[in-house]
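K.L.:
coordinates only, no sequence provided:
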């Protein structure tokens with residue numbers, strides 16, 4: 001239909017690098033099949049704008065107290081808001097927390113994913129789980145691409161929801177082998193493991209959106225979502241000292257300059273890094289995209305569940321056993337002449353699955 005638009009149903013997180021960048025990547029993957037928009041969940045454009053303005057005003061008011069960090073927080077929020085507005089606009093379709101859909105155009109296909117769209121372990125996500133399983137849309141509209149549970153098994157209280165709504169999705173793909181194993185018992189149709197969208201689009205897309213990197217000289221890049229141990233800090237500092245690098249710390253309030261990075265700056269920092277240390281899945285993805293050597297650690301502390309199943313699937317698919325040697329004092333290095341052909345093969349398999357699903 002000429003006025004129809006295909007929709008991405010995912011988490012809307014304006015403060016999460018991986019969420020914004022995989023939303024962008026999935027959007028670009030879907031463009032050959034028609035216009036694409038992202039469903040705005042739990043609010044509408046007007047309320048979203050009000051919420052952003054309130055956050056900006058709060059940041060400005062806190063600058064006298066926080067100084068440079070206050071300015072950095074403001075710049076970070078503005079960078080995320082600009083990225084969403086320019087690169088992943090959510091202007092046509094919204095859905096309330098009660099599943100009521102409002103749209104200015106006819107909805108075509110609804111692609112659920114990627115990210116942890118089916119993760120119920122976060123309190124703010126649990127109440128809308130059935131709607132993130134597509135309950136508000138017709139069964140024939142639905143498919144999932146690289147959807148993630150974020151957990152390795154489904155808790156008993158949420159099993160009835162998956163039992164009822166997952167079976168309505170004719171074509172299901174997930175990002176992790178653990179998710180495939182956990183969800184397959186709920187449905188008759190096969191569940192396929194596919195690549196994360198960030199690994200599916202050509203390098204040119206990432207070079208196009210990367211911000212200009214103003215960093216001078218060589219640097220090691222760190223990106224952690226959990227706590228960083230003293231031993232890990234010492235390992236990273238030792239590598240930097242040995243190789244004549246400074247350290248840029250994404251998502252770390254002690255690195256005021258780097259903390260201001262938005263999604264575009266995130267991409268450029270990975271593009272130009274000499275080495276990467278991380279506990280983040282998408283840091284691994286972008287290290288692979290740009291051919292960087294990296295060391296990955298298990299996530300420590302906080303309320304975040306350990307999410308290593310995502311990395312285990314990725315490393316298994318690419319035969320990167322050395323990436324899992326976190327307790328080893330060595331710094332892994334990878335042969336990208338071997339990795340790239342394997343990645344290309346996986347891209348082709350995932351692309352074929354998506355093509356068949358969008359045209360079914």
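P.N.:
Ah, there it is. All of these numbers come straight from a predicted model, not from anything done at the bench.
K.L.:
and the residue nearest to residue 42 when sequence neighbours are not counted, how many residues sit next to it?
P.N.:
Distance criterion C-beta to C-beta, 6 or more residues apart in numbering; nearest residue to residue 42, sequence neighbours excluded, is residue 97 at 4.9 Å. For every residue, glycine as well, the C-beta is placed using N, CA and C. For residue 97, the count of nearby residues is 11 (other C-beta atoms under 10 Å).
K.L.:
for residue 97, what are its contacts?
P.N.:
Shown in contact with residue 97 (C-beta atoms under 8 Å, 6 or more residues apart in numbering): 41, 42, 127, 128, 131.
K.L.:
all the helices of the stretch 51-200 of the chain, residue numbers only.
P.N.:
Using DSSP state H, counting those that start in this stretch, the helices of the stretch 51-200 of the chain run over 68-87, 129-132, 159-165, 177-183.
K.L.:
okay, now the closest residue to residue 96 other than its chain neighbours: neighbour count?
P.N.:
With sequence-adjacent residues excluded and distances taken as C-beta to C-beta, 6+ apart, residue 96 is closest to residue 42, at 6.9 Å. Residue 42: 17 surrounding residues under other C-beta under 10 Å.
K.L.:
ok, residue 122 to residue 165 distance?
P.N.:
Distance of residue 122 to residue 165, given as C-beta to C-beta, to the nearest Å: 19 Å.
K.L.:
for those two, indicate the residue with more neighbours.
P.N.:
Set residue 122 next to residue 165 and count neighbours by other C-beta under 10 Å: residue 165 wins out with 20 against 13.
K.L.:
now that one: how far from residue 121?
P.N.:
From residue 165 over to residue 121 the distance is 18 Å, taken as C-beta to C-beta.
K.L.:
can you check residue 219 too?
P.N.:
For residue 219, the distance to residue 121 equals 34 Å [C-beta to C-beta].
K.L.:
these two - which one has more neighbours?
P.N.:
Neighbours were counted for residue 219 and for residue 121 using other C-beta under 10 Å; residue 219 has more, 20 against 16.
K.L.:
what residues are up against residue 112?
P.N.:
Residue 112 sits next to 9, 10, 132, 133, 134, 142, 143, 144, 145, 147, 169 when contact means C-beta under 8 Å, 6+ apart.
K.L.:
hmm, who's touching stretch 312-321?
P.N.:
Under the contact criterion C-beta under 8 Å, 6+ apart, stretch 312-321 has outside partners 175-178, 193, 195-196, 281, 284-285, 288, 323-324, 334, 339, 342-343, 346.
K.L.:
so which of those are in strands?
P.N.:
Counted as lying in strands by DSSP state E, out of the contacts of stretch 312-321, are residue 193.
K.L.:
just the buried subset of the contacts of stretch 312-321, written out for PyMOL, thanks.
P.N.:
What follows is the PyMOL syntax for the buried subset of these, where burial is set by 16 or more other C-beta atoms under 10 Å:
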select buried, resi 175+176+177+178+193+195+196+281+284+285+288+323+324+334+343+346
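K.L.:
quick check: which ranges of this protein have low pLDDT?
P.N.:
Within the chain, the stretches with pLDDT under 70 are 1-2, 301-307, 322, 324-329.
K.L.:
from residue 70, how far off is the residue lying farthest from the centre of it?
P.N.:
Most distant from the centre of the chain: residue 64, at 33.3 Å, with distances by C-alpha atoms, centre = their mean. Residue 64 sits 8 Å away from residue 70, taking C-beta to C-beta as the criterion.
K.L.:
how about residue 122?
P.N.:
Between residue 122 and residue 70 the distance is 27 Å, computed by C-beta to C-beta.
K.L.:
and what of residue 117?
P.N.:
33 Å.
K.L.:
same thing with residue 176?
P.N.:
38 Å.
K.L.:
same check, this time on residue 217
P.N.:
The spacing between residue 217 and residue 70, counted by C-beta to C-beta, is 27 Å.
K.L.:
comparing those two, which residue is more hemmed in?
P.N.:
Remark: of residue 217 and residue 70, residue 70 carries more neighbours, 18 against 8, as counted by other C-beta under 10 Å.
K.L.:
once you drop chain neighbours, what's closest to that one?
P.N.:
Distances taken as C-beta to C-beta, 6+ apart place residue 63 nearest to residue 70, at 3.8 Å, with adjacent residues excluded.
K.L.:
and that neighbour, what is it in contact with?
P.N.:
By C-beta under 8 Å, 6+ apart, residue 63 lies in contact with 70, 71, 74.
K.L.:
quick one: contacts for the closest residue in space to residue 73 that isn't next to it in sequence?
P.N.:
Distances taken as C-beta to C-beta, 6+ apart place residue 59 nearest to residue 73, at 5.3 Å, with adjacent residues excluded. By C-beta under 8 Å, 6+ apart, the residues touching residue 59 are 70, 73, 74, 77.
K.L.:
residue 100 reaches residue 131, doesn't it?
P.N.:
No: in this structure residue 100 lies outside contact range of residue 131 using C-beta atoms under 8 Å: 9.5 Å.
K.L.:
between the two, which has more neighbouring residues?
P.N.:
Set residue 100 next to residue 131 and count neighbours by other C-beta under 10 Å: residue 131 wins out with 22 against 10.
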